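**Student:** Quick one: sequence and predicted model below, then my questions.
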Amino acid sequence: MSSTIIIMNYYGAKDLAASFRTVRNNTIKIAEEIDESKYDFRATPDTRSVREYLIHIAHLTDVPYEIHGVQKRTVLAGFDYMGFIGPRIADEKNPHSKAEVLKMLTASRDLFGNWLEGLSDDFLGQAIEMPPYPNNPPTKTRFEMLLGTKEHEMHHRGQLMILERMIGMVPHLTRRMQEMMAQAQAQPAGKA
């Protein structure tokens, strides 16, 4: 008789919280490095400014926290999405200072990250009924929806990195990669 040991690698609440914090910390680093005099820069007249992107990102966690943390909804039909995000979209137009933007990004990171970290596997695995829009799946798990929050931020952070390039900056993640590549190239062949 032989025994089998099964080892499972599972991406749970603590991993989700840690990866969200990593993404947010990189966004905060961008917000810190861009001079406040460049916060109103925008690529085109019909796109968000640096400040507006950062405020938008600070509010990204509000909807999923409301849906899953406050209301604990299992059905999304009936959630007043536009009523909820309307004030947040309006807030993007407010002239928040750099210090205020950094405070908003940090506060939402801490609230959302701490909340994520405490979620149970059962809660993350719950199926949420989606609105009957074209191409919508009938359900998504809370985990998938919450992971989407991090993906949404990464999308906008990529846009911020392009804006950094447009104002003459090299993004910190690019600088880090360049340093790693330079160190690797300086290593003698066959050494690790």
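**Tutor:** The structure has been received and is ready for your questions.
**Student:** List the buried residues of the longest helix belonging to the chain.
**Tutor:** In the chain, ranked by residue count with DSSP state H as the criterion, the top helix is helix 142-166. By neighbour count with 16 or more other CB atoms under 10 Å, helix 142-166 contains the buried residues 142-143, 145-147, 149-150, 152-153, 156-157, 160-161, 163-164. Every C-beta, even on glycine, is put in place using the N, C-alpha and C of the backbone.
**Student:** which other helices and strands contact it?
**Tutor:** Using 3 or more CB pairs under 8 Å, 6 or more residues apart in numbering; DSSP states H and E as the contact criterion, the secondary-structure elements in contact with helix 142-166 are helix 13-33, helix 50-59, helix 62-64, helix 121-125.
**Student:** could you say what helices and strands the last one packs with?
**Tutor:** To tie it back to what came earlier, the one meant is helix 121-125. If contacts are counted by 3+ CB pairs under 8 Å, 6+ apart, helix 121-125 sits against helix 13-33, helix 142-166.
**Student:** what comes up buried for the helix or strand following it?
**Tutor:** Per DSSP states H and E, helix 121-125 leads on to strand 127-129 as the next helix or strand towards the C-terminus. Within strand 127-129, the residues that qualify as buried are residue 128, counting by 16+ other CB under 10 Å.
**Student:** Give me the contact list for strand 127-129.
**Tutor:** By CB atoms under 8 Å, 6 or more residues apart in numbering, the residues outside strand 127-129 that reach it are 73, 74, 75, 76, 77, 138, 139, 140, 141, 142, 145.
**Student:** among the helices and strands of the protein, which has the poorest mean pLDDT?
**Tutor:** The helix or strand of the chain with the poorest confidence is helix 172-186; it has a mean of 88 (mean pLDDT, DSSP states H and E).
**Student:** Which parts of it count as buried, going by neighbours?
**Tutor:** Counting neighbours by 16+ other CB under 10 Å, one finds that helix 172-186 has no buried residues.
**Student:** Please name every helix or strand in contact with it.
**Tutor:** With contacts defined as 3+ CB pairs under 8 Å, 6+ apart, the secondary structure elements packing on helix 172-186 are helix 13-33.
**Student:** Would you check how far apart residue 108 and residue 40 are?
**Tutor:** Applying CB to CB, to the nearest Å, one obtains 22 Å for the distance of residue 108 from residue 40.
**Student:** check contacts around the residue nearest to residue 33 when sequence neighbours are not counted.
**Tutor:** If you skip the residues right next to it in sequence, residue 33 has residue 172 as its closest partner in space, 6.3 Å away by CB to CB, 6 or more residues apart in numbering. In this structure, residue 172 makes contact with 26, 29, 30, 33, judged by CB under 8 Å, 6+ apart.
**Student:** Kindly report the same for residue 77.
**Tutor:** The contact partners of residue 77, taken as CB under 8 Å, 6+ apart, are 129, 131, 132.
**Student:** with the residues you listed in mind, which one is nearest to residue 183?
**Tutor:** Each of those was scored against residue 183 by CB to CB, and residue 131 proved nearest at 49.6 Å.
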